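Student: take this sequence and fold it.
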Amino acid sequence: MGEPKAHALYGRLRDDFVAGAYVPGDRLSENQVADRYGVSRTPVREALARLEYEGLLVRAGSVVTVAAPSVDQVLDLFDARTKLESEIARCAAQRRREGDLVLLRTASEHCRQLTSTSDATDLYHANREFHHALGRAAHNLVLPDLQRMLDLRVAALRATTLTAAGRWATATAQHDQMLTAVEAGDADAAGAATERHMHDARELWLQRLNRTTN
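Tutor: Numbering: from 1, shown residues only. Just a heads-up that it's a prediction; the model follows:
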């Protein structure tokens, strides 16, 4: 994005997606976004075009709508995240440095300080803080970029399962298992623990879907 205002607006919109300010089906006109963020329509047009390119928005004339993906698309997303996060954990176990472990321990402790009754957005951010720390510990030039791109897709879907009964306690315990494996330099254990973590989220999402459609 060539214009600084457009880049800054894209960042603000992206953060609002992550915070849940927009949900699938929401309509966003260029004028509406310009008024809300106090900018002209030119940076709005560029920022929305980038979000559209990333698959978060669909366009009809001057109106864009937050994408509402199909069940198959959501399952594809979960499957892709499972493979990606598992590989990140394996790399982290093999390449982590002491500073990475400090950040991972801090992120894990932050998760333990929250409970299932905490704000859903706080749970979402704490969970991503841990996974992003894992991504940095992987010391791979490509994997963390892919991780953040999928994060945006999840934010737009609001497909988080962290508020399901018992899920937060299980998720934090799984984070600790992943951390222990990374500390030990055990790539197989780190990958397996992460795969279980992501698989459980996929199954919970399917359970929620079945309850709402039956």
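Student: secondary structure element holding the residue nearest the centre of the chain?
Tutor: A centroid search over the chain (CA atoms, centre = their mean) returns Asp151, at 2.7 Å, as the residue closest to the centre. Using DSSP states H and E, Asp151 sits in helix 143-157.
Student: run the chain-centre distance for that helix.
Tutor: On the basis of CA atoms, centre = their mean, to the nearest Å, helix 143-157 sits 5 Å off its chain's mean C-alpha point.
Student: so what touches it?
Tutor: For helix 143-157, the external contacting residues (CB atoms under 8 Å, 6 or more residues apart in numbering) are 14, 17-18, 20, 22, 24, 54-56, 66-67, 69, 74, 77, 80-81, 84-85, 87-88, 91, 124, 128, 131-132, 135-136, 138, 160. Using the backbone N, CA and C atoms, a C-beta is placed for each residue, glycine as well.
Student: could you flag which of these are buried?
Tutor: Using 16 or more other CB atoms under 10 Å as the burial test, these include 14, 17-18, 22, 54, 56, 66-67, 69, 74, 77, 81, 84-85, 87-88, 91, 124, 128, 131-132, 135-136, 138, 160 as buried.
Student: ok so, going back, quick one: the residue nearest to the centre of the chain from Gln94, how far?
Tutor: Distance of Asp151 to Gln94, given as CB to CB, to the nearest Å: 23 Å.
Student: so where do the helices sit in the chain?
Tutor: Using DSSP state H, the helices of the chain run over 4-18, 30-37, 41-53, 71-95, 98-113, 120-137, 143-157, 167-184, 187-213.
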